[in-house]
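S.K.: whatever this is, show me its structure:
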Amino acid sequence: MPGRYWYIIMTIKLYRTTKRRNSTATPTSKPALFELRTTLTDVRMKDESNVLTPSFLLNMQGHDGSNFIEAFGRFYWVRDVVLVRANLIQINCIIDVLGSYRGHILNTQAFVLFDSTANSELPDRRLGVKTSATYSTATADMPWNFASGLGTNLICVAGNGKNTDGAGSTGVYAITRSGIDDLGFQIQDLLEEVNDQAEAYGQVYDDYVQQAQSELAAIVTDPQRMIPHAIVGIGYFNAAIAYGFKAFFIEGLKNLWQAIVKLFTGGDALKNIRAAYWLPFIVPKDGMPYVSKLALGGFVEEIQGGLNKMIQPIYPQTATVSIPWQFTDWRNVACTEIQLYIPLIGNISIPASAVKGHNSLTLYFSLNIYSGLFSVRIMCGDATLGTFGVDSKMPIMIGDSNVNAGAVLNTIAAGAAAIATSGAAAIAATGAAIASGFESLTPVNTTVGGIGGGAGNSLGSTIQCTTIAHGTSQEPSALLPIIGTPTNQLKTLSNISGYCQTMDAHMNMAAVTGESWPTEGEVTEVDNYLNSGVYIE
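M.R.: Numbering: from 1, shown residues only. As a prediction, this is how the structure comes out:
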């Protein structure tokens, strides 16, 4: 026996809709998406129907394709259609709580995990990070023409400041290569000249003595010429004695000259060169006094090419290098490593989180030409990312000027190593914090200590900033209309358009004009929808 029916006259509206199952759209809110089909005044409800899953009996010849119904102040999906008999069909429905309580939902405040608002800051942990990396490098020039490879030769000397012939005395001087080659040769030339003269006179003395001996020996074999032989022999002896005195005098002069040189130069003129080194930079000489002679203690020597006395010890310079970002969103931090290479200093890891939002790094350089120490301060905006230093000079071996250079370099290298080690630890800690809860990147090791003392001059001549980036399984922007991107903040859902997924949401229960009072089951179903993801439309 067929079921009992309610013979209640009611009005329902039938629609055809293309709305998504988990969407708040309704025919009223989106009329363009729906087509009103018909209005019936002889609708009956099947017995034992309920408001959540009603069944309607309609007097109509077959089903016209309607899949959405409005009744009782609610909206329903058509679940299935049954032909009862000719001209009578049964339409079984199920409540569409999202459309029915759209107003309630829009008034709800909830913690939103994801929505369709563009996000460039929060990592999307739903995406996988690719293992392959892409590299992008930006370069900048080092200061003071480092890339030229020419550099500057410098010597530090102790000299007599009382010289009045325009010679340079105690100080640091820029000197040409030919000038270095010429240092000390004038002293040696003088000594050798005196020695050569002494030897020459000594040789003449020996020759005259032999001639005198020969003439005297001839007297024995030629008695008739005794007097002439004696006169010539005596003449040779006199000459020999004269040249002997000259030789003796010049030998004494040589000793005296050496004594004078030692007296006024401290033993050896070249020992007054306290340091000699080459810097891999072309040091500016504008305004630096020019001299043609150099005082080494009390000895003054003319230098080929002349010299410039360096009266300015510290030279500052600034360089800017771009950060070649490969993304425009949160992946610039979570999926990117930054390496900064500075010649002489080495390779430095830069925390991406500290520089995101900036397009460049500023490097402040300082060069002490008196010591060869070279330092750099790396800044991004107002933040200092690190300070590093190294001894940039390469010793030139002249006299005793660089006997202890190795000890000096080792001390400086140890200090630089300590700086670099502590910096690396801080960077590693920052990287660990960033990677927490997300797929982490393994950082490239940095230089421990500097690469100065000439060792790093040929390892690279330009500043290089390199980003090492790992892409994701999907471009984050492509997720916006489908499953949104991370939000993680409280929002009122009326401020959202598009996809929305909440955490522990509870639909606002305040009355909304035009909407029914929801049952407990309907509230639970709305909450479940919000927490699994809906489309606010």
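S.K.: kindly export stretch 302-314 (C-alpha atoms) in CSV.
M.R.: The C-alpha coordinates for stretch 302-314 follow below in CSV (Å, rounded to 0.1, in the frame of the first residue of the first chain):
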residue,chain,number,x,y,z
GLU,A,302,117.9,57.9,-5.6
ILE,A,303,115.0,55.6,-6.6
GLN,A,304,113.9,54.8,-10.1
GLY,A,305,110.4,56.0,-10.8
GLY,A,306,110.3,57.9,-7.5
LEU,A,307,108.0,57.4,-4.5
ASN,A,308,104.8,58.7,-3.0
LYS,A,309,104.7,59.1,0.8
MET,A,310,101.4,57.7,2.1
ILE,A,311,100.1,60.2,4.7
GLN,A,312,96.6,58.7,4.7
PRO,A,313,96.5,55.3,6.4
ILE,A,314,92.8,54.4,6.1
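S.K.: what mean pLDDT does that stretch have?
M.R.: Across stretch 302-314, pLDDT averages out at 90.
S.K.: which residues in the stretch 201-350 of the chain form strands?
M.R.: Secondary structure of the stretch 201-350 of the chain (DSSP state E, counting those that start in this stretch): strands located at 273-279, 290-296, 299-309, 314-322, 336-342, 346-350.
S.K.: closest to residue 59 out of these?
M.R.: Among the strands of the stretch 201-350 of the chain, the nearest to residue 59 by Cβ to Cβ is strand 336-342 (67.4 Å). C-beta: built from backbone N, CA, C; applies to glycine.
S.K.: show me what the closest one packs onto, helices and strands only.
M.R.: strand 346-350, helix 352-355, strand 462-469 (3 or more Cβ pairs under 8 Å, 6 or more residues apart in numbering; DSSP states H and E).
S.K.: among those, show me which one is buried the most.
M.R.: Most buried of the helices and strands packed on strand 336-342, by mean neighbour count (mean count of other Cβ atoms under 10 Å): strand 346-350, with a mean of 22.
S.K.: between it and strand 336-342, how big is the angle?
M.R.: Between strand 346-350 and strand 336-342, the angle comes out at 150 degrees (axes from the mean of the first three to the mean of the last three Cα atoms, to 10 degrees).
S.K.: strand partners of strand 346-350, parallel vs antiparallel please.
M.R.: In the sheet, strand 346-350 lines up against strand 336-342 (antiparallel) (DSSP bridges).
S.K.: and residue 286, which of the helices and strands packed on strand 336-342 is closest to it?
M.R.: strand 462-469 (24.7 Å).
S.K.: what's downstream of the closest one, the next helix or strand?
M.R.: Counting by DSSP states H and E, the next helix or strand C-terminal to strand 462-469 is helix 480-483.
S.K.: which secondary structure elements does that next one sit against?
M.R.: Judged by 3+ Cβ pairs under 8 Å, 6+ apart, the packing partners of helix 480-483 are strand 498-503.
S.K.: so which bits of the strand it packs on are buried?
M.R.: 499-502 (16 or more other Cβ atoms under 10 Å).
S.K.: what's the neighbour count on residue 288?
M.R.: 16 (other Cβ atoms under 10 Å).
S.K.: so who does the spatially closest residue to it that is not a sequence neighbour touch?
M.R.: Using Cβ to Cβ, 6 or more residues apart in numbering and skipping residues adjacent in sequence, the residue nearest residue 288 is residue 308, 4.2 Å away. Residues in contact with residue 308 (Cβ atoms under 8 Å, 6 or more residues apart in numbering) are 173-174, 285, 288-291.
S.K.: mind checking which of those residues are buried?
M.R.: Here, 16+ other Cβ under 10 Å leaves 173-174, 288, 291 buried among the contacts of residue 308.
S.K.: among those residues, which one lies nearest to residue 151?
M.R.: residue 174 (10.4 Å).
S.K.: how about that closest one, nearest residue that isn't a chain neighbour?
M.R.: residue 308 (4.5 Å).
S.K.: which ones are touching residue 483?
M.R.: Taking Cβ under 8 Å, 6+ apart as the definition, contacts of residue 483 comprise 114, 126, 499, 501, 533.
S.K.: pLDDT and distance to residue 459 for those - can I get that in TSV?
M.R.: Below are the contacts of residue 483 laid out as TSV (pLDDT from 0 to 100; distance: Cβ to Cβ, whole Å):
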residue	pLDDT	distance to residue 459
114	98	47
126	94	42
499	97	51
501	98	52
533	97	54
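S.K.: pick out the most distant pair among those residues.
M.R.: 126 and 499 (12.8 Å).
S.K.: coming back round to it: in JSON lines: the helices and strands packed on strand 336-342, plus distance to residue 77 and mean pLDDT.
M.R.: Listed next are the helices and strands packed on strand 336-342 as JSON lines, based on distance: least, Cβ to Cβ, whole Å; pLDDT from 0 to 100:
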{"stretch": "strand 346-350", "distance to residue 77": "55", "mean pLDDT": "93"}
{"stretch": "helix 352-355", "distance to residue 77": "48", "mean pLDDT": "94"}
{"stretch": "strand 462-469", "distance to residue 77": "46", "mean pLDDT": "97"}
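S.K.: which one of the ones you listed lies nearest to residue 333?
M.R.: helix 352-355 (4.7 Å).
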